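K.L.:
predicted structure and sequence below. I'll ask about it afterward.
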Amino acid sequence: MKLGAKIFGVLSGVLIVYLLLGLLLPGTWEAETEATLPYPTPVVFPFLNRVDRWTQWNTMPDSGLQLVGPGEGVGAGLEWDDPQYGKGQFRILTSRLETLVEYEVLIEGGSLRIHGSVDLEAEGETTRLRWVERGDFGRNPLMGYAARGMGASQREAMQANLQRLLLLLGEVEGGGA
């Protein structure tokens, strides 16, 4: 057998093992972060319940973004078709005044699904915020590997988004918006 054929055979075997292991890995991930915001829940809640406010502090696609449904609450959403983020949609599924917003993000027709919830708890003039996201990449053998680091990566992104929310709340409370 020629050396090239042996190398090709070994590389093919490694690729097959890699893909089989990827099929065994779960395609799901979870990320969570918490923060105490120095603003009361009536000030914080509209930034979660209104999608036009959500886009001001949360990372969103740069192109093809459009509001759909009502402006706030259940059914409010966004759709996009962006070269970086793909084609997707965001929808508010549950909205409880000043306490909870649940949402779903579907990318590429649902090949990637994210379910998120943001719980708010009033603590005097501050708000305790708990944000959880759970994602599912499905049974793609390559995405099982991606899911392994997605929780930590998404947690960092969520924390960065909360920092932008804090800045925005400061502008609103200071009369800047």
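P.N.:
Okay, I see it.
K.L.:
what about this protein, any weak spots by pLDDT?
P.N.:
1, 10, 14, 17-26, 139, 141-147, 174-177 (pLDDT under 70).
K.L.:
for it, what's the longest helix?
P.N.:
The single longest helix within the chain, with elements called by DSSP state H, is helix 143-173.
K.L.:
hey, where'd the helices end up in the protein?
P.N.:
For the chain, applying DSSP H gives helices covering 3-24, 41-44, 46-49, 51-57, 143-173.
K.L.:
ok, now how distant is the closest residue to Pro38 other than its chain neighbours from Trp57?
P.N.:
For Pro38, the nearest residue in space outside its immediate sequence neighbours is Thr126; the separation is 5.5 Å by Cβ to Cβ, 6 or more residues apart in numbering. C-beta: built from backbone N, CA, C; applies to glycine. Distance, Thr126 to Trp57, by Cβ to Cβ, to the nearest Å: 18 Å.
K.L.:
residue contacts, Leu93?
P.N.:
Leu93 makes contacts with Val74, Glu102, Tyr103, Glu104, as judged by Cβ atoms under 8 Å, 6 or more residues apart in numbering.
K.L.:
so in terms of bridging, what pairs with the second one?
P.N.:
Each beta-bridge partner of Glu102 is listed here, defined by DSSP bridges: Thr94, Ser117.
K.L.:
which helices and strands does the longest helix of the chain pack with?
P.N.:
Using 3 or more Cβ pairs under 8 Å, 6 or more residues apart in numbering; DSSP states H and E as the contact test, the elements touching helix 143-173 are helix 3-24, strand 28-37, helix 41-44, helix 46-49, helix 51-57, strand 126-136.
K.L.:
okay, the ones you listed in TSV with distance to Leu166 and mean neighbour count next?
P.N.:
Formatted as TSV, the helices and strands packed on helix 143-173 follow (distance: least, Cβ to Cβ, whole Å; neighbours: other Cβ atoms under 10 Å):
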stretch	distance to Leu166	mean neighbour count
helix 3-24	38	10
strand 28-37	7	16
helix 41-44	10	17
helix 46-49	10	20
helix 51-57	9	18
strand 126-136	10	18
